[in-house]
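Novice: could you look at this predicted model? Sequence included:
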Amino acid sequence: MRKTFALVLALVIVVPSVAWANLSSRTVGETRFWPIRLLFEENGGRVTWNSEDNSIHIAVNDGEIVLFAGQRRAYINGEAFSYRMVLG
């Protein structure tokens, strides 16, 4: 739970709240999804896809977030985290 909170907190800190309000989202059950690429690129970040390991690399400010499609793991500035939803 602590690591899930840290992942969400990292996303909230690096992206201004105004950006969240201006993007359309999709809700599945009790979970809301935003388009990652638009969210970060609108705020000066860079999002790239690595097809070799199905990873999404997000560079924003001086940090990096790495997510893996179909898995519940992520890295924030090199530190491993897990989260509840599977990206896919």
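Specialist: Cool, the structure landed. Just so we're clear, the structure is a prediction, and the values are computed from it rather than from any experiment. Residues are numbered from 1 along each chain as shown.

Novice: buried stuff in the helix or strand containing residue 40?
Specialist: If you go by DSSP states H and E, residue 40 is part of helix 36-41. Buried positions in helix 36-41, judged by neighbour count with 16 or more other CB atoms under 10 Å: 36, 39, 40. Where C-beta positions appear, they are placed from N, C-alpha and C, glycine not excepted.

Novice: what is the neighbour count of residue 44?
Specialist: Residues near residue 44, counting by other CB atoms under 10 Å, number 11.

Novice: helix, strand, or coil at residue 84?
Specialist: Classification of residue 84 using DSSP: H, G, I helix; E, B strand; the rest coil returns coil.

Novice: who's in contact with whichever helix or strand comes after the helix holding residue 40?
Specialist: Next along the chain after helix 36-41, taking DSSP H and E as the criterion, comes strand 46-50. Contact with strand 46-50 is made by 36, 37, 40, 41, 55, 56, 57, 58, 59, 60, as judged by CB atoms under 8 Å, 6 or more residues apart in numbering.

Novice: please redo it, this time with the cut-off set to 10 Å
Specialist: The contact list for strand 46-50 (CB atoms under 10 Å, 6 or more residues apart in numbering) reads 35-41, 55-60, 64-69.
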